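A.B. asks: below is the sequence, then the predicted model.
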Protein chains: 2
Amino acid sequence: MSSIKRRKTPEPTLRRLARYFHYLQRLIESKTDYISSTSIAEELNLDPTQVRKDIEYTGIVGKPKTGFSVPDLILSIQRHLSWDSLSDTFLAGVGSLGTAMLGYTGFKKYGLQFVAAFDNDELKISKQIHNVPVFSIDRLDYLARKMNVKVGVLTVPAFAAQNVADLMIKGGIKAIWNFAPIQLKVPEAIIVENAQITQSLAVLSRKIIEIELI
Amino acid sequence: MSSIKRRKTPEPTLRRLARYFHYLQRLIESKTDYISSTSIAEELNLDPTQVRKDIEYTGIVGKPKTGFSVPDLILSIQRHLSWDSLSDTFLAGVGSLGTAMLGYTGFKKYGLQFVAAFDNDELKISKQIHNVPVFSIDRLDYLARKMNVKVGVLTVPAFAAQNVADLMIKGGIKAIWNFAPIQLKVPEAIIVENAQITQSLAVLSRKIIEIELI
């Protein structure tokens, strides 16, 4: 393994790699074969040097003048983000957002395979939602251990989020994608990524007023 | 209006204000009356000076020693983010995510009031989804003008997103909350906030591998 692969990829780079990935997929649709980091930078309003450095993290080497083969660059980003293989994933909280997420087949493109969902609503337990079986939340930690699941998506209401996160960790889950608007308290070895939907909304809402204040 | 209110609030501050807001709401539930910026910083793992500066943007003044009244601080953040008043909002794309968003009554707490939704699926048009009427996407610009709607939520697939964003702008919409994984091209005066769900997932996915690489 090259030294570049061992280097920790900074979060802003990871977020931009996701944007390059989406842009490159549109290029595939328009049958573009090669792309330079300068063109990507122009299209996405970014600094070309930054784009070049971001892509370097994935380990791919471009050709002088022609740039990168689009399919190769997509594959390189997918590998770097581990989007080329599926992780068995639990989802806790089958409300409106949780149900939408179970129904979104696109997550497979990003490496998430929902194998079970959990809720405390008797009307949902033992049913299948979008072909994913729903179990009682009490069984989450036992089933996580039994099925060796390492990734959990948390779509429960804020007041329940810490308890359910604790159950996930008890069951051996290492990475939590948190959609509840609270700061989870977890041991240092556990990864929490907050989806930050309301943080995004805060930016939008304030900018609307700022336009009017000018 | 004080000079501090006219100053543009930086995006990272806005994102953190959303986090304080969620934390303060939990304090209300636990009947805490006063809070200092130092305590907020400790709870959310942030720098106390940063928290103090963020809160200053909202214009509230704390009391020496006791800090801020929790309800007053919540109100001050809500006002700063314009979450204390409702904006009529259109949603385009009534798929799984769009439907979930229409069903989430919590958005009212963040100033969004869905007044109409749009899709090109004949089976959805003229129906009501979670009490919001669904219209044909062709009518979006006309209805936006007629109803004087300034905020649009974009939950259509990536390939349709630019066209629908153009329709929103044609209808006079000034602020777009974009959930489609593409970079929209819009005039300078239009606000676009990308919800960046897959960017968040990129961070999570890579961190899972990095743990294993150590």
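C.D. replies: Received, thanks.

A.B. asks: when you work out contacts or count neighbours from here on, use the C-alpha atoms and nothing else.
C.D. replies: Will do.

A.B. asks: how about the longest helix belonging to chain A: buried residues?
C.D. replies: Looking across chain A with DSSP state H, the single longest helix is helix A:11-29. Buried residues in helix A:11-29, defined by neighbour count with 16 or more other C-alpha atoms under 10 Å in any protein chain shown: A:11, A:13-24, A:27.

A.B. asks: try stretch A:147-167
C.D. replies: A:149-156, A:158, A:161-162, A:164-167.

A.B. asks: swap in stretch A:80-93?
C.D. replies: For stretch A:80-93, a neighbour-count test (16+ other C-alpha under 10 Å) marks A:80-84, A:87-93 as buried.

A.B. asks: nearest to chain B among the residues you listed?
C.D. replies: Distance ranking of these against chain B, using C-alpha to the nearest C-alpha, places A:L81 first at 4.7 Å.

A.B. asks: and the buried residues of stretch A:147-167, which of them are in helices?
C.D. replies: A:158, A:161-162, A:164-167.

A.B. asks: lowest-confidence entry in these?
C.D. replies: Among those, A:A158 carries the lowest pLDDT, at 88.

A.B. asks: any idea how many residues pack against the closest residue to it other than its chain neighbours?
C.D. replies: Using C-alpha to C-alpha, 6 or more residues apart in numbering or on different chains and skipping residues adjacent in sequence, the residue nearest A:A158 is A:A180, 5.1 Å away. A:A180 is flanked by 23 other residues according to other C-alpha atoms under 10 Å in any protein chain shown.

A.B. asks: hmm, back to that, ok, the buried residues of stretch A:147-167 vs B:I176, which is closest?
C.D. replies: A:T155 (24.1 Å; C-alpha to C-alpha).

A.B. asks: the closest one contacts A:T99, doesn't it?
C.D. replies: No. In this structure A:T155 lies outside contact range of A:T99 using C-alpha atoms under 8 Å: 9.3 Å.

A.B. asks: kindly list the longest strand within chain A.
C.D. replies: Ranked by number of residues, the top strand in chain A under DSSP state E is strand A:112-119.

A.B. asks: need the three-state assignment for A:L46.
C.D. replies: A:L46 falls in the coil class when you classify it by DSSP: H, G, I helix; E, B strand; the rest coil.

A.B. asks: what's the pLDDT at it?
C.D. replies: For A:L46, pLDDT reads 92.

A.B. asks: ranges for the helices of chain A?
C.D. replies: Under DSSP H, chain A gives helices at A:3-6, A:11-29, A:37-44, A:48-57, A:70-80, A:96-103, A:140-147, A:158-170, A:197-213.

A.B. asks: chain center to the third one, what's the gap?
C.D. replies: On the basis of C-alpha atoms, centre = their mean, to the nearest Å, the separation between the geometric centre of helix A:37-44 and that of its chain is 23 Å.

A.B. asks: now check it, is it near chain B?
C.D. replies: Yes. Using C-alpha under 8 Å from any C-alpha of the partner chain, helix A:37-44 reaches chain B at A:L44.

A.B. asks: that helix vs helix A:11-29, what angle?
C.D. replies: For helix A:37-44 against helix A:11-29, the angle by axes from the mean of the first three to the mean of the last three C-alpha atoms, to 10 degrees is 90 degrees.

A.B. asks: please tell me how far the residue most central in space within chain A sits from chain B.
C.D. replies: Nearest to the geometric centre of chain A sits A:Y110, at 6.8 Å (C-alpha atoms, centre = their mean). As judged by C-alpha to the nearest C-alpha, to the nearest Å, A:Y110 and chain B stand 8 Å apart.

A.B. asks: who are the contact partners of that residue?
C.D. replies: Contacts for A:Y110 (C-alpha atoms under 8 Å, 6 or more residues apart in numbering or on different chains) come out as A:82-84, A:86, B:198, B:201-202.
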